[in-house]
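> no sequence for this one, just the structure:
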């Protein structure tokens with residue numbers, strides 16, 4: 001089982017403080033020294049939770065500058081918000097800065113307000129994402145694309161600089177839809193997913209569908225693909241103490257993701273608008289989700305407990321645990337806990 005660090009939302013610091021990116025940089029240095037496989041940074045827009053990460057190419061370049069071996073990945077590029085040429089250009093720079101350590105997960109996006117950047121792509125965002133994956137891969141290999149310039153003339157262009165890696169490692173981000181798993185397999189890409197709104201046993205079936213589609217490609221090479229699972233992570237020496245440390249931040253995180261939680265719980269039924277729920281109903285849902293995530297859906301608690309969770313995830317077909325560490329705990333607390341996470345990594349190996 002591979003282990004990586006995943007950043008997503010909140011460094012636990014006052015917005016006016018200096019050093020807002022020290023958690024990213026120090027965590028990346030730790031991952032680099034301790035045989036973690038990768039560091040993932042996301043693309044988030046227009047919200048204070050996640051607002052540190054509007055462009056993973058920028059944070060990826062910063063990670064490249066302070067590391068030597070760990071892979072540098074976007075988790076994820078929201079493909080419909082960008083021109084494929086721009087994605088290829090930016091990440092080729094990071095590939096050069098890092099000596100060929102880049103990998104990209106592509107997402108379709110789901111927050112309508114994010115599409116203020118490209119409103120014309122919202123309705124067909126899933127199709128646009130898959131088309132963008134194909135185009136960026138081609139550009140990465142040095143292929144030309146047709147574009148119309150400012151004067152209305154058709155031109156053929158390539159993206160520069162030339163990247164170090166001939167082939168771009170690619171994942172497709174899925175919030176749980178099995179068709180996205182299958183699409184990733186058909187593309188020969190990996191899958192990046194999470195347990196928000198997914199039951200672990202259901203995840204096993206989706207991974208099986210992904211492996212089947214991956215193997216059925218006309219150009220299949222005998223591989224089985226790669227499944228990375230994002231899980232909330234914080235480990236300590238006492239389970240009860242950790243539960244109390246993470247309760248507030250994790251409940252706030254789950255509250256901010258209530259749309260995903262409700263989407264899963266009402267599959268096949270009329271979708272529930274979180275804004276229309278009573279406060280006590282929201283609290284009930286968040287409390288129930290917290291108990292489930294703490295007990296069974298994250299690497300939360302002690303190393304022995306987390307070891308059992310990792311064994312279960314491996315049995316489901318997960319290849320890599322992407323440890324989401326910045327869900328609201330203070331940065332120093334998170335960094336101090338990385339030693340326990342490294343003990344878990346060693347135990348799982």
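Okay, I see it. Because the structure is a prediction, the values reported are computed rather than measured. Numbers count the residues shown, from 1 in each chain.
> remind me which helix or strand residue 47 belongs to.
Using DSSP states H and E, residue 47 is not contained in any helix or strand.
> and it, how far from residue 9?
Noted for residue 47: a distance of 9 Å to residue 9, by C-beta to C-beta, to the nearest Å. For the C-beta atoms, the positions are set from N, CA and C on the backbone; glycine is no exception.
> who's more crowded, the two?
residue 9 (23 against 12; other C-beta atoms under 10 Å).
> isn't residue 38 up against residue 71?
Yes. Residue 38 is in contact with residue 71 according to C-beta atoms under 8 Å; the separation is 3.8 Å.
> who touches both of these two?
Here residue 38 and residue 71 share the contacting residues 4, 103, scored by C-beta atoms under 8 Å, 6 or more residues apart in numbering.
> more crowded one of those two?
Counting neighbours by other C-beta under 10 Å for residue 38 and for residue 71 shows that residue 38 has the greater number, 23 against 20.
> contact partners for the more buried one?
Going by C-beta under 8 Å, 6+ apart, residue 38 touches 2, 4, 5, 31, 70, 71, 72, 73, 103, 320, 322.
> tell me which of these is nearest to residue 58?
Nearest to residue 58 among these is residue 72, at 11.7 Å by C-beta to C-beta.
> quickly list what that closest one is bridged to.
Counting by DSSP bridges, residue 72 is bridged to residue 39, residue 102.
> so it sits against residue 60, correct?
Yes. Taking contacts as C-beta under 8 Å, residue 72 lies within contact range of residue 60: 4.7 Å.
> any shared contact partners between those two?
Counting by C-beta under 8 Å, 6+ apart, the residues touching both residue 72 and residue 60 are 94, 98, 102.
> buried ones among those residues?
Buried by 16 or more other C-beta atoms under 10 Å: 94, 98, 102, out of the shared contacts of residue 72 and residue 60.
> ok, these vs residue 126, which is closest?
Using C-beta to C-beta, these come closest to residue 126 at residue 102, 23.9 Å.
> contacts only, for the closest one.
With the criterion set at C-beta under 8 Å, 6+ apart, residue 102 makes contact with 60, 71, 72, 73, 91, 94, 95, 163, 165, 168, 169.
> mind redoing it with 6 Å?
72, 91, 94, 95 (C-beta atoms under 6 Å, 6 or more residues apart in numbering).
> what of residue 172?
Applying C-beta under 6 Å, 6+ apart, the residues near residue 172 are 106, 184, 189.
> excluding its backbone neighbours, what's nearest it?
residue 184 (3.8 Å; C-beta to C-beta, 6 or more residues apart in numbering).
> any idea how many residues pack against the one you found?
29.
> pretty sure it is in contact with residue 191, am I right?
Yes. In this structure residue 184 lies within contact range of residue 191 using C-beta atoms under 6 Å: 4.8 Å.
> returning to what we had before: which one of the shared contacts of residue 72 and residue 60 is nearest to residue 310?
Taking those together and measuring to residue 310 by C-beta to C-beta, the closest member is residue 102, at 26.4 Å.
> what score does that closest one have for pLDDT?
Note on residue 102: pLDDT of 98.
> do the one 5 residues further on as well
Among the per-residue scores, residue 107 shows a pLDDT of 97.
> please apply the same query to residue 110.
84.
> any idea how far it is from residue 208?
In terms of C-beta to C-beta, residue 110 sits 25 Å off from residue 208.
> over to residue 214?
11 Å.
> so for these two, which sits in the more crowded spot?
When residue 214 and residue 208 are compared for neighbours, residue 214 comes out ahead with 24 against 14, by other C-beta under 10 Å.
> shouldn't that one be in contact with residue 185?
Yes. Using C-beta under 6 Å, residue 214 is in contact with residue 185, at 3.8 Å.
> show me the helices in the chain, by range?
22-33, 56-66, 84-98, 125-140, 178-187, 200-215, 239-256, 258-265, 279-292, 303-316, 331-336, 338-348 (DSSP state H).
> worst mean pLDDT among those?
helix 258-265 (a mean of 52).
> next up, the contacts around residue 234.
246, 300, 337 are the contacts of residue 234 under C-beta under 6 Å, 6+ apart.
> number of nearby residues for residue 44?
Neighbour tally, residue 44, other C-beta under 10 Å: 20.
> how about it: what's its closest non-neighbour residue?
residue 50 (3.1 Å).
> from residue 245, how far off is that neighbour?
Counting by C-beta to C-beta, the gap from residue 50 to residue 245 is 21 Å.
> same question, residue 178
Distance of residue 178 to residue 245, computed by C-beta to C-beta: 35 Å.
> now do residue 334
For residue 334, the distance to residue 245 - C-beta to C-beta - is 10 Å.
> ok, these two, which is more surrounded?
Shown here are residue 334 and residue 245; by other C-beta under 10 Å, residue 334 has more neighbours (22 against 18).
> wait, isn't the more buried one in contact with residue 325?
Yes. Counting by C-beta under 6 Å, residue 325 is a contact partner of residue 334 at 5.2 Å.
> contact partners for the spatially most central residue of the chain?
In the chain, the centroid-proximal residue (C-alpha atoms, centre = their mean) is residue 75; its distance is 3.5 Å. Each residue near residue 75 by C-beta under 6 Å, 6+ apart is listed here: 6, 40, 42, 105.
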